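Peer 1: Any chance you could fold what I've pasted below:
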Amino acid sequence: MPAPAKPSAKSPTRDLTQGPIASTLMVFSLPILAGNVLQSLNGSVNAVWVGGHLGEAALTATANANNVMFALIGAVFGISMASNILVAQAMGAKKLGQAKRVLGSSATFFGFVSLLIALLGVPLSRKLMQWMGTPEEALHLAEAYLQIIFMAIPLLFMFTFVTAVLRGAGDTKTPFWFLLIVVALDMALNPLFIFGWGPVPALGIKGSAVATLIANGLSFAALLIWLRTRRHPLWIGRRQLGLFKPDLAIIRTLITKGLPMGVQLVMISMAMIAMISMVNAYGVTTASAYSAALQLWTYVQMPAMAIGAACSTMAAQNVGAGLWKRVDATARAGMLVNVLLTGGLIALIVLLDRFVLGWFLPLGSPSLEVARHLNHIAIGSFLFFGVTFVLSGVVRSTGAVMPPLIILAIAMWGIRVPVAKGLQGALGADAIWWSFPISSLASVLMILAYYRWGNWRKARMLPAAVAKAEEQTPEQEDAEAATPVDSNALLAQSGPCERIAMPAEVAGLPPCPVATQAAAAEATASDRSQ
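Peer 2: Residues are numbered from 1 along each chain as shown. Predicted structure coming up:
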């Protein structure tokens with residue numbers, strides 16, 4: 001047997017099954033955090049161009065169209081996270097061929113779904129906006145904007161999918177740099193296409209959508225070229241095109257795991273709508289105060305989101321490697337880092353709340369003191385949110401995604417919304433603010449209990465029979481990781497339903513990046529790995 005090639009020191013992928021855990025987790029999560037900040041900044045800048053220069057009708061149009069996009073992105077988020085976990089487990093197990101097999105089938109599925117959505121969405125854009133009750137004066141603007149956004153869906157979805165897979169392989173730097181390109185292009189092209197310049201016509205609100213389309217298209221093409229020229233380990237070359245043949249078992253896993261993950265975003269969105277409806281009943285001063293606090297909370301939750309996403313990938317790689325002590329250590333490190341970062345940010349905001357809330361409210365606004373009051377009550381809930389996010393990410397790294405869904409449903413619809421409604425008679429608007437920490441504390445207690453006593457370690461993305469049959473010596477694993485993949489041989493190794501099987505648990509949801517919720521080896525193998 002030929003000696004396995006040594007991995008390049010410049011390899012973009014990262015083996016998360018080795019080395020110190022806390023420092024690796026921090027380094028791995030920083031590009032994710034920076035990417036989240038970039039996306040929020042991009043949305044804010046684009047809102048300034050549209051709302052500040054095209055008027056309230058245009059801003060209303062983009063807001064209504066973006067609600068449709070939120071629902072669609074929710075589904076993509078879930079399926080891309082399912083791909084992320086499958087790839088991470090394969091990379092942790094040193095099964096590069098399996099990772100490529102997942103990538104090929106997933107890419108075909110994503111491409112088909114995104115094209116179908118685009119073809120259906122363009123002619124139905126007006127109907128969708130009417131169904132959402134878009135104001136008449138903004139309807140034609142929303143339709144024009146949404147039609148172009150639907151044309152951009154295939155590029156946007158595929159970019160999201162590829163970056164998620166790269167993170168599963170331990171590479172967060174590449175997604176960040178190409179996301180930076182997307183944001184920079186979108187920011188630069190928005191005013192160009194909105195107002196026109198030289199040979200470029202002024203397109204108005206359509207220009208904002210065209211900028212999004214071009215930015216994502218150019219960045220996705222550049223990402224593919226980079227992966228090809230750098231010979232990324234996950235790149236599927238011409239001799240491996242057979243890997244794009246859909247594996248029905250992989251597709252089934254993506255759907256049963258991924259779609260429920262995306263539905264979680266819809267559940268969160270509905271709960272937030274219920275909360276905003278209650279807030280609006282107290283008048284514009286309270287509603288403005290709540291809106292300002294929401295702007296702050298968007299950034300407060302970002303460290304927890306980044307750390308949770310990093311923990312999920314790191315845990316999945318270690319699950320694939322059967323290193324259960326490192327899985328538990330990843331959870332502990334994630335919770336500690338979250339408490340330090342999120343707790344520090346919360347303390348800083350509370351100390352400077354008059355100043356930072358003033359960024360979103362007019363000078364001398366009566367809403368400022370209301371915002372400070374509700375912020376002092378509710379902002380601490382994000383400390384609990386971070387712990388929930390981390391532990392949910394670790395739990396779902398094995399495929400046990402139903403418990404986080406149940407916890408989310410109980411916390412949001414069994415506790416938060418009922419508390420906010422039921423206590424208003426005694427507490428008034430304060431009942432709404434107190435519902436945040438109460439439901440967040442309940443969710444963290446539930447996920448801690450499940451993490452400690454639940455059976456999530458027994459869940460699998462691969463069935464026990466297949467996992468046992470594919471056990472290899474370290475030398476064989478190294479050789480497989482270093483050897484180019486023969487797609488025909490891979491496809492002939494098993495029937496279509498053998499390679500990726502249904503998990504032991506019913507499909508559920510990952511933790512959600514908006515509000516509080518959101519394969520185990522055989523015993524002998526586990527003991528040996530520990």
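Peer 1: Give me the three-state assignment for the residue nearest the centre of the chain.
Peer 2: Compute the mean C-alpha point of the chain, and by CA atoms, centre = their mean the closest residue is residue 77, 5.3 Å away. In terms of secondary structure, residue 77 is helix; the call rests on DSSP: H, G, I helix; E, B strand; the rest coil.
Peer 1: ok, for it, nearest residue in space, not its chain neighbours?
Peer 2: Distance criterion CB to CB, 6 or more residues apart in numbering; nearest residue to residue 77, sequence neighbours excluded, is residue 262 at 5.4 Å. Where C-beta positions appear, they are placed from N, C-alpha and C, glycine not excepted.
Peer 1: swap in residue 179?
Peer 2: residue 35 (4.8 Å).
Peer 1: Is the residue nearest to residue 77 in contact with residue 82, as I believe?
Peer 2: No. Counting by CB atoms under 8 Å, residue 262 stays clear of residue 82, with 9.6 Å between them.
Peer 1: So which of the two has more stuff around it?
Peer 2: With neighbours defined as other CB atoms under 10 Å, residue 262 and residue 82 compare such that residue 82 has more, 30 against 23.
Peer 1: Local confidence estimate at that one?
Peer 2: At residue 82, the model reports a pLDDT of 82.
Peer 1: before we move on, back to that, please identify the helix or strand for the residue nearest to residue 77.
Peer 2: With elements delineated by DSSP states H and E, residue 262 resides in helix 259-280, which encompasses its position.
Peer 1: Show me what counts as buried in that helix.
Peer 2: The neighbour-count criterion (16 or more other CB atoms under 10 Å) identifies 259-265, 267-269, 271, 274-275, 278-279 as the buried residues of helix 259-280.
Peer 1: Next: stretch 22-37.
Peer 2: Buried residues in stretch 22-37 (16+ other CB under 10 Å): 24, 25, 26, 28, 29, 30, 31, 32, 33, 34, 35, 36.
Peer 1: show me the contacts for residue 128.
Peer 2: Under the criterion of CB atoms under 8 Å, 6 or more residues apart in numbering, the contact partners of residue 128 comprise 68, 121, 146.
Peer 1: Kindly provide the distance from the second one to residue 259.
Peer 2: This points to residue 121. In this structure, residue 121 lies at 18 Å from residue 259, with CB to CB, to the nearest Å as the measure.
Peer 1: tell me which of the buried residues of stretch 22-37 is nearest to residue 192?
Peer 2: Top of the list for closeness to residue 192, among these and by CB to CB, is residue 35 at 23.9 Å.
Peer 1: Give me the mean pLDDT for the host helix or strand of the closest one.
Peer 2: Using DSSP H and E, the secondary-structure element containing residue 35 is helix 21-54. Along helix 21-54, the predicted local confidence has a mean pLDDT of 78.
Peer 1: Which strands and helices lie in contact with it?
Peer 2: The helices and strands touching helix 21-54, judged by 3 or more CB pairs under 8 Å, 6 or more residues apart in numbering; DSSP states H and E, are helix 56-92, helix 173-195, helix 205-229, helix 284-300, helix 302-321, helix 324-351.
Peer 1: how long is stretch 420-436 end to end?
Peer 2: End-to-end distance for stretch 420-436: 9 Å, by CA to CA, to the nearest Å.
Peer 1: tell me the mean pLDDT for that stretch?
Peer 2: The average of the pLDDT scores along stretch 420-436 is 91.
Peer 1: contacting residues around that stretch?
Peer 2: Residues from elsewhere that reach stretch 420-436, judged by CB under 8 Å, 6+ apart: 274-275, 278-279, 282, 286, 373-374, 377-378, 381, 415-417, 419, 516.
Peer 1: buried stuff in that stretch?
Peer 2: 420, 423, 424, 429, 431, 432, 433, 434, 435, 436.
Peer 1: Give me the subset of the residues you listed that lies in helices.
Peer 2: Helix and strand membership here follows DSSP state H; of the buried residues of stretch 420-436, those in helices are 420, 424, 431, 432, 433, 434, 435, 436.
Peer 1: surely residue 86 meets residue 168?
Peer 2: Yes. Look at residue 86 against residue 168 with CB under 8 Å: they come within range, at 7.4 Å.
Peer 1: where does this protein dip in pLDDT?
Peer 2: Counting by pLDDT under 70, the low-confidence segments of the chain come to 1-12, 51-64, 66-67, 70-71, 74-75, 132-135, 362, 461-530.
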